[in-house]
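K.L.:
My questions are about this predicted structure, shown below with the sequence.
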Amino acid sequence: MTESLIRSPLAVASAQHMRGWRLAGAAFCCLMFVLHVAAGLHSAGVTDFWRDIYWSTLIAHGERFPPPGPPINQVVELGPWWYYLLALPIFLTGRIAAAAVTIQALAALKYFLAWCIGTRLLDARFGFAFAVCMAVAGWSTVPFLFPSHPAVVETTLLLLALATLRLCANLSAGNALLFGLAAAACVHAHPTTLPYLVVAGGAVLWRHRSASALALLGLAAVVVLLSLLPPWLDPEPIDELLRRSWSDYAANDVGNGFAQRLPKFIAGLLVGGAWNGLLLLTPWRLATVKLAWWIYCVCLAIALAGVAALSLHATALRRWLAAAALLLGLQILFVLGIRGWTAIWMLPSCLPPLAFIVAAGWYEWLAAPGPRVRRVALPALLVSALLSIAPFGFFLRDLHGVRVAPNANYFNVVGSPDGYVTVPGSPLSVRQIDALGAELCTPANLHARLATAIDKSLATSARNACGTWPDLLFGGQRAGAHLAGIPQRLAATIGIAPDKTVGGLALYSHVRAIAPATGSPRPRLDRMRVGIDIVGAQPAPLAYDFTTGPDDVVVLTNRRPQTAMMTVHEVEANGAPAQKLYEEGNWQVYRCAVCSAGAAANWQLRLDAVEAILDLVVLEKVPASAAR
């Protein structure tokens, strides 16, 4: 009796060993949470993100309560719940950055959920391995590249897994309701999660095989359907130019190039993310990238060898592994089959079962009886984790240059470019755009990079900071205040002191607008609209002749390059080519190269562009005495 109450030294050592794995798992999850939140503050956003912020801002200030949510491939609309979720941090703080951090905090919950699920299914060692493997190299940065609702796909899928385990263990109305809410969250994260809902429901029926189980699953299905109902109740019509028909979708997307894309997709899923992440998102040289990628591939091979060597006595793990492999196979087929090319935001739905499989391989080696095996496996796992985290550094700083692969389609996950070029780039982060909003509460015409940033962000930061939508025009020659902004680091290059520096931009109020004559009003979105492009806009030949002071600077901006490209043929001042001080994709800065002190500069510009989205201005150098 007494002996049974005394724990053996072996049991005590085992408990301490598992405690170490629990601490390691908690530390890793907290590290990833901090990285995600920090990256959220530096997020530059994409078109879908600003669409989300636009509607969330309207909700937060009580201006609109839209029934439709984000459109999917311009065919259907989800419910509006994502907008309402992001409206809460905006309502509480008045900051777009708070919404961006909320997205990343939700995305980072996947590590904690994987840790809990792995520990619950096996032990703390597997929980640690599963959490680490959720940081799939390269692909784990998708929430930063596209910080919209697909960023939380993995989190919602793991929530569904927990809800399924609860419902299988205890068939109750409460658990069925939780299952339905988790399933609805998956669908609204992205419809690529639909196969998981079918498999999860099938698992519950297989476990219980009763009419009550079927009825409770019906309750869960009602929750999902009700969450999708609001768009169908919206009386506002959809612009048919924005909508794709089901027949067009079926003809151009479903099963398109399936057989040819399948092997490329599998390769991209396994090692393509690591290649793209290490190549484009780290500052390493190409030779270092290749070496790091090969090391990652070796580590992955070690993990997959562990899957092949999985002990026969590990019956429970083998069953879960078989289920994960089946899920991954079904998901790959589904994702490839529903679209003609595989967008990067469709990939996260494949990552949880892949991470589970790889974690099972690491677990086999970490649980091996021989210490020599563990001494090799644990460092390999840590090296794999470090290489997976390395691309995160790209999203933890303000950018002045980015790597791009010529002719690569970054949205298509099967692409693996051979090399890269570095191009200038200075996208503003959400915290910088928040700071700029407070400067825009009085009527003004905005120019240069300031106009581009506020136009792209749909003026939402100004609405939050000013308490109402300010009277802003983008470009144009309207009488009154004009405000231009260029990256702060370029102020010394152009030789004109700014009036102030805010949010990473040097701001200038001594601005003379050349073109266009009329500025663009604040952009507004309607149903199904994602971006703010001018439909059908085509570049046309444009010519501008004007005079400036000898030390003034000319800034030429194409505010919406996604609408139409700008091609500059000639920029001359006093009959000689102007000096190009800076160029960054859709905007350029020039100075007269042959002007003498006190003499005027006569400029001639010839280009092809859409004038409505053009912004040609002069930053005037005011004498210090006049400025005072």
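P.N.:
The structure has been received and is ready for your questions. This structure is a prediction, so every number in the text was calculated from the model and none was measured.
K.L.:
drop to CA atoms for contacts and neighbour counts, all remaining ones
P.N.:
Noted.
K.L.:
Who are the contact partners of residue 139?
P.N.:
Each residue near residue 139 by C-alpha atoms under 8 Å, 6 or more residues apart in numbering is listed here: 273-274, 277, 347-348.
K.L.:
Can you list which of the residues you listed are found in helices?
P.N.:
Using DSSP state H, the subset of these located in helices is 273-274, 277.
K.L.:
Residue 584: which of these is nearest?
P.N.:
Nearest to residue 584 out of the ones in helices among the contacts of residue 139 is residue 277 (C-alpha to C-alpha; 23.0 Å).
K.L.:
Isn't that closest one up against residue 135?
P.N.:
No - Residue 277 is beyond contact range of residue 135, at 11.9 Å (criterion: C-alpha atoms under 8 Å).
K.L.:
Let me know the secondary structure of the nearest residue to residue 110 once chain neighbours are set aside.
P.N.:
In space, and not counting its chain neighbours, residue 110 is closest to residue 155: 4.5 Å by C-alpha to C-alpha, 6 or more residues apart in numbering. Secondary structure, DSSP: H, G, I helix; E, B strand; the rest coil: residue 155 is helix.
K.L.:
Pull up the gap between residue 155 and residue 388, please.
P.N.:
Using C-alpha to C-alpha, to the nearest Å, one gets 18 Å for the distance from residue 155 to residue 388.
K.L.:
For stretch 61-72, C-alpha coordinates in CSV please.
P.N.:
Presented in CSV, the C-alpha positions along stretch 61-72 are these (Å, rounded to 0.1, in the frame of the first residue of the first chain):
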residue,chain,number,x,y,z
HIS,A,61,-18.4,54.8,-36.3
GLY,A,62,-22.0,53.7,-36.9
GLU,A,63,-22.2,54.9,-40.5
ARG,A,64,-23.0,51.6,-42.2
PHE,A,65,-23.9,48.1,-41.0
PRO,A,66,-23.3,46.1,-44.2
PRO,A,67,-25.0,42.7,-44.5
PRO,A,68,-22.5,41.4,-47.1
GLY,A,69,-18.9,40.4,-46.2
PRO,A,70,-15.8,39.8,-48.2
PRO,A,71,-16.3,38.5,-51.8
ILE,A,72,-14.8,35.2,-52.9
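K.L.:
So which bits of that stretch are buried?
P.N.:
By 16 or more other C-alpha atoms under 10 Å, the buried positions in stretch 61-72 come out as 61, 66-71.
K.L.:
What of stretch 548-568?
P.N.:
548-561, 563-566.
K.L.:
max-length helix in this structure?
P.N.:
Counting residues, the longest helix in the chain under DSSP H turns out to be helix 9-41.
K.L.:
Go ahead and name everything in contact with the helix or strand just after it.
P.N.:
With elements assigned by DSSP states H and E, the helix or strand that comes after helix 9-41 is helix 47-60. Identification of contacts with helix 47-60 by C-alpha under 8 Å, 6+ apart yields 64-66, 70, 82-88, 90-91, 96, 99, 146-148, 456-458, 460, 463-464, 525, 530-531.
K.L.:
at 6 Å instead, please
P.N.:
Residues from elsewhere that reach helix 47-60 (C-alpha atoms under 6 Å, 6 or more residues apart in numbering): 64-65, 83, 86-87, 91, 147-148, 457, 530-531.
K.L.:
Also stretch 592-607?
P.N.:
Under the criterion C-alpha under 6 Å, 6+ apart, residues 541-550, 567-574, 578-579 lie in contact with stretch 592-607.
K.L.:
What of stretch 469-480?
P.N.:
Contact partners of stretch 469-480, identified using C-alpha under 6 Å, 6+ apart, comprise 441, 443-447, 451, 463, 513, 516-521, 615.
K.L.:
Between these, identify the one with the most neighbours.
P.N.:
The most crowded member of these, judged by other C-alpha atoms under 10 Å, is residue 447 (34 neighbours).
K.L.:
Next, the nearest residue to it once chain neighbours are set aside: phi, psi?
P.N.:
In this structure, residue 447 finds its nearest non-sequential neighbour in residue 484, 4.4 Å apart by C-alpha to C-alpha, 6+ apart. The phi/psi pair for residue 484 (degrees, to the nearest 10) reads phi -120, psi 150.
K.L.:
Can you report how many residues neighbour residue 484?
P.N.:
Residue 484: 27 surrounding residues under other C-alpha under 10 Å.
K.L.:
pretty sure it is touching residue 508, no?
P.N.:
Yes - the criterion here is C-alpha atoms under 6 Å, and residue 484 meets it with residue 508 at 5.2 Å.
K.L.:
Among the contacts of helix 47-60, which one has the most neighbours?
P.N.:
Within the contacts of helix 47-60, most neighbours by other C-alpha under 10 Å means residue 147, with 28 neighbours.
K.L.:
what's the spacing between that one and residue 36?
P.N.:
Counting by C-alpha to C-alpha, the separation of residue 147 from residue 36 is 11 Å.
K.L.:
Enumerate every residue touching the spatially closest residue to residue 609 that is not a sequence neighbour.
P.N.:
Leaving out its chain neighbours, the residue that sits closest to residue 609 by C-alpha to C-alpha, 6+ apart is residue 539, at 4.1 Å. By C-alpha under 6 Å, 6+ apart, the contact list for residue 539 reads 608-610.
K.L.:
of those residues, closest to residue 78?
P.N.:
Within these, the smallest distance to residue 78 is 33.7 Å, found for residue 610 (C-alpha to C-alpha).
K.L.:
quick one: contacts for that closest one?
P.N.:
Residue 610 touches residue 539, counting by C-alpha under 6 Å, 6+ apart.
K.L.:
can you pull the pLDDT of it?
P.N.:
Note on residue 610: pLDDT of 91.
K.L.:
Next up, phi/psi of it, please.
P.N.:
In terms of degrees, to the nearest 10, the main-chain angles of residue 610 are phi -100, psi 110.
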